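> here's my sequence, what's the structure:
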Amino acid sequence: MLAIRCQFLQGTYQASPPGAPGVVEWPPHPGRFHVAMVAAAWALAADEVDPRDLEALRWLEGQGAPELVCPPDAAERSAPLVYVPRNLSKAEATDARGRIRRGEDVGRQVGRTGRRFPTMVVGDEPVWFVWPDAKPDEGMRERLGRIVEAVQYLGSSRSPVACSLADDPPAPTHRPGGGGRTLALRTAAPGMTDQVLAFREAEAPPGLGSTVVYGDERLEEGPHAVSGAFGSLVVMRRADGFPLGIQHAGLVAERFRAAVLSCAGDAASAALHGHGRNPHVAYLALPNVGHRYSDGSIMGVAAAIPADCTDDELAEIVTSVSGVDRLAIHGGVVPWRLERAGGDGPRTLDPATWIGPSRVWATATPVLLDRHPKASRGETFEGMVRRSFVHADLPVELVEGAVIQVNKAPFLHGAVPAGLHSAPSNRKAVAFHVRVEFEREVRGPLLAGRGRYLGIGLFRPVRTAGRHSPSQVAAEVVE
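Here you go, the predicted structure:
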């Protein structure tokens, strides 16, 4: 057996999964810890990993996914908005590097930006990574112990850790393929060590690792958030260009899809273009809606990633979406410049804003129904909306118990009446704004209706003290 004990020195863990800077990652992904070990080995050997350490890391990545032991009382802490010095823009960073090469004064960075740092309060209990069937010899154990003890932090540098090899770990709380609530965690796989080192040499982000489904058996009997067809978002912000209103969301999403497929080329997989695969990537325009000062302007675009996509599909999606830096809208009359959104932007561009989880959701863009309900068959608009939720991969029993309101007027500040929206090509249909209250929390991104793969039928989580009447326009967004 091989067991690694990881003590969080400040009692907190700060990290976010890829593509979701506003969401806290829990439990810590084993793949993240492996990357931290590679970085520690790099630092121990002064920027060139000792061959014996490299052998030990390669051996460890071949041992499969470890069991995890997580503190039972760990809880997410609310992430307040704090103001920090802003990052340099690409132009400013290029200018600064030029000044440094010429020996000139770079000058002071000015300006602040608001950020949120998702945090888990871990307390005094450690997290364990345990490989019950691993059998390292004494030399291998010694090399791994040396590397493990050199790990300084996990996730953010604001999460310092003290790690060591240890014996007699507690019973696991998360097992690969176990029962209970399922979680998809990134783990190390053969070849990951060399991949991380190659990316480090190129000064690029490391790979995502291999995804393994874990079971949290402690939550087997308790309710947990239900997920639909999509799992996360890759967000691009509008860095430059004339702003468009929310009524153009379908048009912007169509142009974004065309740009992503152009970037992917002829070899684009079905996960991107959707031919023969369902669900596939949904292309979204992200509007500023949901609070009292919302103006409905489109602040960026995003790709909603299918929850069941493979590692290869995920890598292709992230690469293709991130490669889009321009959008030509209205035949090029409205050009946009795009860049990858970071964790320091507005809430509209934070994936957590659209992911939730929440029991109550309302549409930013209206739901397009499959067809008009037929009174002779006892069909209603609410019933057609329920059918749309089922088609969006939500459980039938959850949808049947939901309280649904439909209205031509929006339920969110900044949104516009359903009839003002330009429907995507070949998707002309009756449109309604929807507010839905589920019996359990649902995790987004939540999309429903005929236009969901082009951002029509996009929901945002809301918080309310009571039920709203269909005529009430505004709802308070979860902050």
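
> checking Trp26 next. Helix, strand or coil?
Secondary structure, DSSP: H, G, I helix; E, B strand; the rest coil: Trp26 is coil.

> how about it: what's its closest non-neighbour residue?
Closest residue to Trp26 apart from its sequence neighbours, by CB to CB, 6 or more residues apart in numbering: Met120 at 5.0 Å. C-beta here means a position set from N, CA and C on the backbone, and glycine is covered the same way.

> the one you found - that's part of a strand, no?
Yes - under three-state DSSP, Met120 sits within a strand.

> is it true that it touches Ser16?
No - between Met120 and Ser16 there is no contact under CB atoms under 8 Å: 10.9 Å.

> of the two, who's got more company?
Met120 (24 against 19; other CB atoms under 10 Å).

> which ones are touching the more buried one?
By CB atoms under 8 Å, 6 or more residues apart in numbering, the contact list for Met120 reads 12-14, 24, 26, 74-77.

> show the pLDDT at the residue nearest to Trp26.
The confidence metric pLDDT takes the value 90 at Met120.

> use 87 as the first number for this chain going forward.
Taking 87 as the first residue, the last one we looked at is Met206.

> dig out what it forms beta bridges with.
Beta-bridge partners for Met206, by DSSP bridges, are Tyr99, Glu162.

> any idea how far Gly241 is from it?
Distance of Met206 to Gly241, given as CB to CB, to the nearest Å: 9 Å.

> now for the two: what residues contact both?
99-100.

> tell me, how many residues neighbour Val321?
28.

> doesn't Glu425 make contact with it?
No - assessed by CB under 8 Å, Val321 is found out of contact with Glu425, at 10.4 Å.

> quick one: the helices in the stretch 437-565 of the chain?
437-441, 467-477, 482-486 (DSSP state H, counting those that start in this stretch).

> I'd like the distance between Leu484 and Ala450.
Remark: distance between Leu484 and Ala450 (CB to CB) = 21 Å.

> biggest strand in this structure by residues?
strand 517-529 (DSSP state E).

> what's the angle from that one to helix 467-477?
Interaxial angle, strand 517-529 versus helix 467-477 (axes from the mean of the first three to the mean of the last three CA atoms, to 10 degrees): 50 degrees.

> so which bits of strand 517-529 are buried?
Buried residues in strand 517-529, counted by 16 or more other CB atoms under 10 Å: 517-524, 528-529.

> each with direction, which strands does it pair with?
As assigned by DSSP bridges, strand 517-529 forms pairs with strand 312-313 (parallel), strand 444-449 (antiparallel), strand 453-454 (antiparallel), strand 489-493 (antiparallel).

> and it, C-alpha only, in CSV?
Presented in CSV, the C-alpha positions along strand 517-529 are these (Å, rounded to 0.1, in the frame of the first residue of the first chain):
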residue,chain,number,x,y,z
ALA,A,517,-41.3,31.2,-27.7
PHE,A,518,-41.9,31.7,-24.0
HIS,A,519,-39.9,32.9,-21.0
VAL,A,520,-39.9,30.3,-18.3
ARG,A,521,-39.4,30.2,-14.6
VAL,A,522,-39.1,26.8,-12.9
GLU,A,523,-38.8,25.6,-9.4
PHE,A,524,-37.5,22.1,-8.9
GLU,A,525,-37.9,19.9,-5.9
ARG,A,526,-34.2,19.4,-5.7
GLU,A,527,-31.2,21.4,-6.7
VAL,A,528,-30.2,21.3,-10.4
ARG,A,529,-26.7,22.0,-11.6
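
> how far does it sit from its chain's centre?
Offset of strand 517-529 from its chain centre (CA atoms, centre = their mean, to the nearest Å): 20 Å.

> for stretch 171-189, same thing?
On CA atoms, centre = their mean, the centre of stretch 171-189 falls 29 Å from the chain's centre.

> averaged pLDDT, it. What do you get?
Per-residue scores along stretch 171-189 average to 75.

> if you count neighbours, what's buried in it?
Arg172.

> export that stretch as CSV, just CAs?
Extracted C-alpha coordinates of stretch 171-189, given in CSV (Å, rounded to 0.1, in the frame of the first residue of the first chain):
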residue,chain,number,x,y,z
PRO,A,171,-4.3,44.5,-9.0
ARG,A,172,-5.5,43.6,-12.5
ASN,A,173,-3.5,41.4,-14.9
LEU,A,174,-1.8,43.1,-17.8
SER,A,175,-3.5,42.9,-21.1
LYS,A,176,-1.8,41.1,-24.0
ALA,A,177,-0.6,44.5,-25.4
GLU,A,178,0.7,45.7,-22.0
ALA,A,179,2.5,42.4,-21.4
THR,A,180,4.2,42.5,-24.8
ASP,A,181,5.3,46.1,-24.1
ALA,A,182,6.6,45.2,-20.6
ARG,A,183,8.7,42.3,-22.0
GLY,A,184,10.1,44.6,-24.6
ARG,A,185,11.1,47.1,-21.9
ILE,A,186,12.7,44.5,-19.8
ARG,A,187,14.8,43.2,-22.7
ARG,A,188,15.9,46.8,-23.4
GLY,A,189,16.7,47.4,-19.7
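
> pLDDT score for Gly409?
Gly409 is assigned a pLDDT of 89 by the prediction.

> state the phi and psi torsions of it.
phi -80, psi -10 (degrees, to the nearest 10).

> narrow the contacts of Met206 to those that are buried.
With burial judged by 16+ other CB under 10 Å, the buried subset of these is 98-100, 110, 112, 160.

> circling back: can you check which of the strands paired with strand 517-529 gets nearest to Asn374?
Closest of those to Asn374 is strand 444-449, at 14.8 Å (criterion: CB to CB).

> circling back: can the strands paired with strand 517-529 go into a markdown table with extra columns for mean pLDDT, mean neighbour count and distance to Arg138?
Output for the strands paired with strand 517-529, formatted as a markdown table (pLDDT from 0 to 100; neighbours: other CB atoms under 10 Å; distance: least, CB to CB, whole Å):
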| stretch | mean pLDDT | mean neighbour count | distance to Arg138 |
| --- | --- | --- | --- |
| strand 312-313 | 81 | 18 | 43 |
| strand 444-449 | 94 | 24 | 50 |
| strand 453-454 | 93 | 28 | 59 |
| strand 489-493 | 94 | 19 | 62 |
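
> possible to save those as CSV with distance to Pro373?
Output for these, formatted as CSV (distance: least, CB to CB, whole Å):
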stretch, distance to Pro373
strand 312-313, 23
strand 444-449, 11
strand 453-454, 15
strand 489-493, 18
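
> next, count neighbours for Ala344.
Counted with other CB under 10 Å, the neighbours of Ala344 add up to 14.

> element containing it?
helix 335-350 (DSSP states H and E).

> return the set of buried residues in that helix.
Buried-residue list, helix 335-350, by 16+ other CB under 10 Å: 335-343, 345-347, 349-350.

> closest one to Ser313 out of the residues you listed, please.
If you rank these by distance to Ser313 using CB to CB, Ala339 comes first, at 21.8 Å.

> if we can go back for a sec, mean neighbour count, distance to Glu399 and mean pLDDT added to the helices of the stretch 437-565 of the chain, as JSON lines?
Formatted as JSON lines, those follow (neighbours: other CB atoms under 10 Å; distance: least, CB to CB, whole Å; pLDDT from 0 to 100):
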{"stretch": "helix 437-441", "mean neighbour count": "24", "distance to Glu399": "18", "mean pLDDT": "86"}
{"stretch": "helix 467-477", "mean neighbour count": "19", "distance to Glu399": "21", "mean pLDDT": "91"}
{"stretch": "helix 482-486", "mean neighbour count": "13", "distance to Glu399": "27", "mean pLDDT": "91"}
